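**Q** I'll drop the sequence and a predicted model, then ask my questions.
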Amino acid sequence: MSDLTQAAVAAPDTVAQTVPPPRGRVRWVICGLLFAAVVLSYIDRLVLGVLKPQLTALYGWTNSGYGDITGYFQVAYGLGFLLFGWLIDRIGPRTGYLLAMGAWTVGHFAQTLVTSTTGFALARIPLALGEAGTFPSALAAASQWFPKKERAMAIGIFNAGANVGAVVTPLLVGFLIADLVLDWRWAFVITGLFNLVWLTAWWRLYHPPHSHPRITPEERAWIEAEPVETTGRAGFLTVLRHRESWSYMTGRFLIDPVWWTFLFWLPDFFHSRYGYDLKNFGPPLVAIYIMADVGAIVGGWYSSRLLKRGVETGRARKQAMFACALFALPVMFAAQASSIWIAVAMIGLACAAHQGFSTNLFALPGDQFPRYAQGTLIGLGGFAGATGGFIASKALGALLDRVGSYQPFFLACGVAYLVALLIFHILNPRYRDVRICSM
């Protein structure tokens with residue numbers, strides 16, 4: 001089994017029935033490393049959002065200025081997704097993740113050197129470019145190590161790292177800045193040091209299944225039981241010729257802005273709507289992202305359970321996505337909630353729905369595309385999502401400066417998932433394997 005970077009394409013829902021479940025658990029150790037990397041990536045990107053009220057008071061930031069920081073972060077993130085989607089197909093997840101986290105760690109530390117919104121926007125460019133490699137590398141590694149029937153569960157587990165990072169960040173930053181009364185720069189320094197520990201562990205522990213020193217023969221057979229496309233390459237234009245690619249990209253374009261905006265703007269929403277600050281908005285954010293964590297795992301578990309019952313792959317994914325879309329609807333009323341905890345319940349439910357929806361959407365490249373095309377598609381999807389996020393951030397910043405209300409944003413969030421699923425189904429009704437001639 002060669003050191004490829006993308007999910008195995010198998011006959012629908014099939015792991016060779018003659019291969020028993022393995023004794024080895026190396027693949028779950030790999031999943032744990034992927035989970036930790038996603039946690040760190042979200043901590044690093046969210047420190048600024050938690051500090052936003054304090055930095056606004058210190059340096060006179062406007063909502064439009066902060067919208068520029070988050071918006072241009074997403075532009076660089078989208079471009080980085082294109083780069084890493086293409087690159088991971090060629091260098092593999094081991095080297096790819098080292099390069100990605102190394103780049104974003106440089107950008108993370110660079111934020112200690114600036115104070116203006118323009119300075120932060122520039123300092124965060126390497127942060128965004130590196131963090132764009134997180135999910136292409138993680139999805140590549142997961143699809144190297146997990147057969148299709150376990151893949152959505154594995155993706156759900158490391159996707160849940162986003163929520164753990166979002167839970168840890170306000171608590172950690174609040175402790176460092178509000179309780180220990182450290183300068184705000186220490187929040188970036190201390191969180192950045194965790195990355196160096198992970199980089200060492202990844203270099204020592206990650207190898208592809210065929211060359212991993214600790215894998216058992218049974219576990220290797222379990223992983224390699226699915227048929228795999230031959231090695232090849234596929235460029236952007238080749239991938240874009242297929243409707244299935246556009247179904248994935250459109251889904252990312254419509255739902256990613258919801259998640260991005262929650263990540264970057266929720267502390268400001270709680271501050272402006274309910275008067276919460278760095279000392280006390282930690283618990284609401286923790287509650288929201290714990291709910292999101294549950295949604296990520298349940299969304300992957302639900303479709304995996306359907307697959308094990310014999311439901312065809314496309315129907316299982318779409319059924320799980322539809323259920324998640326329904327759970328997102330109540331967030332339309334969050335801006336008018338009479339108490340912060342009612343708002344937290346609505347937003348938390350929407351975040352859980354988002355994570356469950358995206359877990360199944362993220363499975364599409366591995367489900368339908370040959371290995372050599374998956375990184376390219378993941379890159380295109382990330383670029384589409386970041387483009388939607390840039391539009392949303394710029395629009396929300398301008399809206400808040402002019403109108404001062406989050407209501408239009410929450411209305412859009414509530415319907416985004418049903419609209420995304422409808423377009424997804426129109427473009428990809430049969431959810432069949434895509435055959436691409438390699439370059």
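**A** Cool, got the structure.
**Q** in this protein, which helix or strand is least confident?
**A** Every helix and strand in the chain was compared by mean pLDDT, DSSP states H and E; the lowest is helix 148-159, with a mean of 80.
**Q** following that helix, which helix or strand comes up?
**A** Of the helices and strands lying after helix 148-159 in sequence (DSSP states H and E), the nearest is helix 161-173.
**Q** which parts of the helix or strand hosting Ser247 are buried?
**A** Assigned by DSSP H and E, Ser247 belongs to helix 243-274. Buried positions in helix 243-274, judged by neighbour count with 16 or more other Cβ atoms under 10 Å: 244-274. Yep, even glycine has a C-beta here, placed from its N, CA and C like the rest.
**Q** Which elements pack onto the following helix or strand past it?
**A** Next helix or strand after helix 243-274 toward the C-terminus (DSSP H and E): helix 282-308. On a contact count with 3 or more Cβ pairs under 8 Å, 6 or more residues apart in numbering; DSSP states H and E, helix 282-308 meets helix 148-159, helix 161-173, helix 243-274, helix 313-327, helix 340-362.
**Q** Output stretch 424-439 as PDB, nothing but the C-alphas.
**A** Extracted in PDB, the C-alpha atoms of stretch 424-439 (Å, rounded to 0.1, in the frame of the first residue of the first chain):
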ATOM      1  CA  PHE A 424     -26.000  19.000  -2.900                       C
ATOM      2  CA  HIS A 425     -28.700  16.500  -3.800                       C
ATOM      3  CA  ILE A 426     -29.500  18.200  -7.200                       C
ATOM      4  CA  LEU A 427     -25.900  18.100  -8.200                       C
ATOM      5  CA  ASN A 428     -25.100  14.700  -6.800                       C
ATOM      6  CA  PRO A 429     -28.400  12.600  -6.800                       C
ATOM      7  CA  ARG A 430     -26.900   9.100  -7.100                       C
ATOM      8  CA  TYR A 431     -23.700   9.500  -5.100                       C
ATOM      9  CA  ARG A 432     -21.800   7.100  -7.400                       C
ATOM     10  CA  ASP A 433     -18.100   6.600  -7.700                       C
ATOM     11  CA  VAL A 434     -16.400   9.100 -10.000                       C
ATOM     12  CA  ARG A 435     -13.900   7.800 -12.600                       C
ATOM     13  CA  ILE A 436     -11.100  10.200 -13.500                       C
ATOM     14  CA  CYS A 437      -8.300   9.500 -15.900                       C
ATOM     15  CA  SER A 438      -5.100  10.300 -14.200                       C
ATOM     16  CA  MET A 439      -2.600  12.700 -15.600                       C
END
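**Q** Show me what that stretch is in contact with.
**A** With Cβ atoms under 8 Å, 6 or more residues apart in numbering as the test, stretch 424-439 has contacts from 9, 12, 230-235, 238-239, 242-244, 246-248, 250-251, 312-315, 317-318, 321, 361, 364, 367-370, 372-373.
**Q** ok, now stretch 80-92?
**A** Taking Cβ under 8 Å, 6+ apart as the rule, stretch 80-92 contacts 3-6, 96, 99-100, 128-133, 136-137, 140, 208, 233, 236, 372-383, 385-386.
**Q** Of those, grab the buried ones for ChimeraX.
**A** Typed into ChimeraX, the line below selects the buried ones among the contacts of stretch 80-92, using 16+ other Cβ under 10 Å:
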select :3,4,5,6,96,99,100,128,129,130,131,132,133,136,137,140,208,372,373,374,375,376,377,378,379,380,381,382,383,385,386
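**Q** Listing request: residues of this structure with sub-threshold pLDDT.
**A** For the chain, the stretches with pLDDT under 70 are 1-24, 227-233, 437-439.
**Q** my read: Pro365 touches Tyr248, true?
**A** Yes - using Cβ atoms under 8 Å, Pro365 is in contact with Tyr248, at 6.9 Å.
**Q** and for those two, which residues touch both?
**A** 377, 381.
**Q** Skipping adjacent residues, who's closest to Ala76 in space?
**A** Spatial nearest neighbour of Ala76, excluding adjacent residues (Cβ to Cβ, 6 or more residues apart in numbering): Ala128 at 3.7 Å.
**Q** can you check Gly299 too?
**A** Counting by Cβ to Cβ, 6+ apart, the nearest residue to Gly299 once its immediate chain neighbours are dropped is Gly356, at 2.4 Å.
**Q** Kindly provide the distance from that neighbour to Gly300.
**A** As judged by Cβ to Cβ, to the nearest Å, Gly356 and Gly300 stand 8 Å apart.
**Q** which one of those two has more residues nearby?
**A** Neighbour count, other Cβ atoms under 10 Å: between Gly356 and Gly300, Gly356 has more, with 31 against 28.
**Q** related to what we said a few turns ago, roughly how far apart are the residue nearest to Gly299 and Ala152?
**A** To Ala152, Gly356 is 10 Å away according to Cβ to Cβ.
**Q** Name the residues contacting each of these two.
**A** Common neighbours of Gly356 and Ala152, using Cβ under 8 Å, 6+ apart, are 299-300.
**Q** From Arg317, how far out is Ala363?
**A** According to Cβ to Cβ, Ala363 stands 6 Å off from Arg317.
**Q** sorry, that was for Val181
**A** Using Cβ to Cβ, Val181 is found at 49 Å from Arg317.
**Q** The two - which one has more neighbours?
**A** Remark: of Val181 and Arg317, Arg317 carries more neighbours, 28 against 7, as counted by other Cβ under 10 Å.
**Q** so what's the more buried one up against?
**A** Contact analysis of Arg317 by Cβ under 8 Å, 6+ apart lists 303, 360-361, 363-364, 367, 431.
**Q** and with 10 Å instead?
**A** Arg317 makes contacts with 152, 299, 302-303, 306-307, 311, 357, 359-361, 363-364, 367-368, 424, 428, 431, as judged by Cβ atoms under 10 Å, 6 or more residues apart in numbering.
**Q** Show me the one of the helices and strands packed on helix 282-308 that comes nearest Tyr66.
**A** Comparing the helices and strands packed on helix 282-308 against Tyr66 with Cβ to Cβ, the closest turns out to be helix 243-274 (7.6 Å).
**Q** Give me the distance between the closest one and the centre of its chain.
**A** Its chain's C-alpha centre and that of helix 243-274 lie 11 Å apart, by Cα atoms, centre = their mean, to the nearest Å.
**Q** got the angle between that helix and helix 161-173?
**A** With axes from the mean of the first three to the mean of the last three Cα atoms, to 10 degrees defining the directions, helix 243-274 sits at 30 degrees from helix 161-173.
**Q** In terms of secondary structure, what does the one helix or strand Ala187 maps to contact?
**A** Assessed by DSSP H and E, Ala187 sits inside helix 185-205. With contacts defined as 3 or more Cβ pairs under 10 Å, 6 or more residues apart in numbering; DSSP states H and E, helix 185-205 has these neighbours: helix 26-59, helix 63-110, helix 161-173.
**Q** want to throw these into TSV with distance to Gly404?
**A** Listed next are the helices and strands packed on helix 185-205 as TSV, based on distance: least, Cβ to Cβ, whole Å:
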stretch	distance to Gly404
helix 26-59	15
helix 63-110	9
helix 161-173	24
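**Q** With that, I have no additional questions.
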